[in-house]
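Q: using only what follows, build the 3D model:
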Amino acid sequence: MTELALVTHSTSPRGGMVHTLALAEALQAAGQAVHVVTQGDPAAGLFRPTTVPCTVLPAPPRGGSLSDRVFASIDLLSGALGDMASRFDVLHTQDCIAARAAARVRDAGAPVSVVRTVHHVDDFTTRALIDCQRAAIREPDRVLVVSEQWRRILRDEHGRETTVVPNGVDPDRFPPVTPGRIAELRASIGAQDRFLFLGVGGVEPRKGTHVAFEALARLCARMPHPPMLAIVGGHSFRDYAAYRTETLARLPELGLELGRDVVLLGTLSEADLGAWYRSADALCFPSLQEGWGLAVLEAMAADLPVIAGDLPVFREYLMNRYDALMPATGDATALARAMQEMYADRALRRRLREGGRRTVARWTWAASARRHLAVYEEVRAGAARAAR
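A: Next comes the predicted model:
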């Protein structure tokens, strides 16, 4: 069986890289020879250990504009992939940067097929980046999406037919932690006796952070012992500095204090991320746009009850009040009601945990890997026919 490359542009433990590494491990377990190619700090390696062979290429310098960094990243990746291409017959890319680099290698004559997973389409405003993203949807030989919602979006808005291959979760990724570790983490942010909501994904417009802050402010204004919110993450190739600054600057006028009511945990190690999932009381995930929402399944795998916005993609695998509370997307009042109900109802939290365990059992990386393997065989067969 020919080796397969999974390619992404960053080692940051965000959705694309988490997806890439978990899929690579599941493919390897299924007998597929696989190699991960990514960009970052070669000395630091990946965000967690893995048995999958991996090449970490130096990332471009942080200087210059976002456009400059994107194009530098494409240049570096395409050069490295060109040197490695003889080892692979399929380059499976996880983002627009990797997809454009792989397409360059193919178009230069390498006998490889390019598969792209579109997790979501970014709302770029720079014309060069918009064009780059559109080309990365148009150029691959096969495009995958992780949900029916994005299959419809790519068909209707981009004229591209795609194949749905959902994400998965490793039910054992985040094992239980000791009561002492839970107490230590909660004490470190002053959450000893406060209900703790966990947010995942940083302070970003797509994650609906401003909605979460407005909902939390409603609770803090009327509850004698209100909850608090801790947010994991923050690194992104996109520059959300303006949104982050503006959103955090609004905290005082909302009656919230950074460091007391809202705590920013930043980018965490794999072990620390799992420990926070196990130490919080509920996930608050009011995203305005998601390709799938890996954090939801991660939380459920860690027995953390979930609040998620009522997005079409979430309705593909969640059921309101069975495995999650699903208030109206973008509605701070509805989110505040869901947060207060989660806070007040211990029996509800127990039922959501139980429903979450059943949902996790249906969406595993092993199942996702089997569907990917079928796609790769179709792509290889198509390439063989074209070569005859």
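Q: list the buried residues in the longest helix seen in the chain.
A: As assigned by DSSP state H, the longest helix anywhere in the chain is helix 365-387. Using 16 or more other CB atoms under 10 Å as the test for burial, helix 365-387 gives 365, 368-369, 372-373, 375-376, 379-380. C-betas here are computed from N, CA, C, even on glycine.
Q: go on, stretch 173-180?
A: For stretch 173-180, the neighbour count (16+ other CB under 10 Å) marks 173-174, 177 as buried.
Q: and these, which is closest to residue 147?
A: Residue 147 lies nearest to residue 173 out of the buried residues of stretch 173-180, by CB to CB, at 20.9 Å.
Q: show me how this structure divides into domains.
A: Domains of the chain are assigned by automatic domain parsing as 3-168+365-383, 179-362.
Q: which stretches in the stretch 151-300 of the chain count as strands?
A: Counting by DSSP state E, counting those that start in this stretch, the segments of the stretch 151-300 of the chain that form strands are 163-164, 196-200, 228-232, 262-266, 282-285.
Q: contact partners of the first one?
A: By CB atoms under 8 Å, 6 or more residues apart in numbering, the list of residues contacting strand 163-164 from outside reads 142-148, 151, 375.
Q: redo the buried residues of helix 365-387 as JSON lines? Include distance to residue 290 and pLDDT.
A: Shown next, in JSON lines, are the buried residues of helix 365-387 (distance: CB to CB, whole Å; pLDDT from 0 to 100):
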{"residue": "365", "distance to residue 290": "18", "pLDDT": "95"}
{"residue": "368", "distance to residue 290": "17", "pLDDT": "95"}
{"residue": "369", "distance to residue 290": "22", "pLDDT": "97"}
{"residue": "372", "distance to residue 290": "20", "pLDDT": "97"}
{"residue": "373", "distance to residue 290": "25", "pLDDT": "97"}
{"residue": "375", "distance to residue 290": "22", "pLDDT": "97"}
{"residue": "376", "distance to residue 290": "26", "pLDDT": "97"}
{"residue": "379", "distance to residue 290": "26", "pLDDT": "96"}
{"residue": "380", "distance to residue 290": "31", "pLDDT": "94"}
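Q: closest one of those residues to residue 43?
A: Nearest to residue 43 out of those is residue 365 (CB to CB; 28.1 Å).
Q: so that closest one sits against residue 170, correct?
A: Yes - counting by CB atoms under 8 Å, residue 365 touches residue 170, with 5.8 Å between them.
Q: anything in contact with each of those two?
A: residue 22.
Q: buried stuff in stretch 207-221?
A: Buried-residue list, stretch 207-221, by 16+ other CB under 10 Å: 207-220.
Q: check the offset of that stretch from the chain's centre.
A: Centre-to-centre, stretch 207-221 and its host chain are 22 Å apart (CA atoms, centre = their mean, to the nearest Å).
Q: stretch 267-282 now?
A: 15 Å.
Q: with just CA atoms, put it into PDB.
A: In PDB, the C-alpha atoms belonging to stretch 267-282 read as follows (Å, rounded to 0.1, in the frame of the first residue of the first chain):
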ATOM      1  CA  THR A 267      -2.900  27.700  24.300                       C
ATOM      2  CA  LEU A 268      -2.500  24.600  26.500                       C
ATOM      3  CA  SER A 269      -0.600  21.400  26.400                       C
ATOM      4  CA  GLU A 270      -2.600  18.300  25.700                       C
ATOM      5  CA  ALA A 271      -2.500  17.200  29.300                       C
ATOM      6  CA  ASP A 272      -3.600  20.600  30.600                       C
ATOM      7  CA  LEU A 273      -6.400  20.800  28.000                       C
ATOM      8  CA  GLY A 274      -7.800  17.500  29.200                       C
ATOM      9  CA  ALA A 275      -7.500  18.500  32.800                       C
ATOM     10  CA  TRP A 276      -9.500  21.700  32.200                       C
ATOM     11  CA  TYR A 277     -12.200  19.700  30.400                       C
ATOM     12  CA  ARG A 278     -12.400  17.500  33.400                       C
ATOM     13  CA  SER A 279     -12.300  20.400  35.900                       C
ATOM     14  CA  ALA A 280     -15.000  22.700  34.500                       C
ATOM     15  CA  ASP A 281     -18.700  22.300  35.100                       C
ATOM     16  CA  ALA A 282     -20.000  22.800  31.500                       C
END
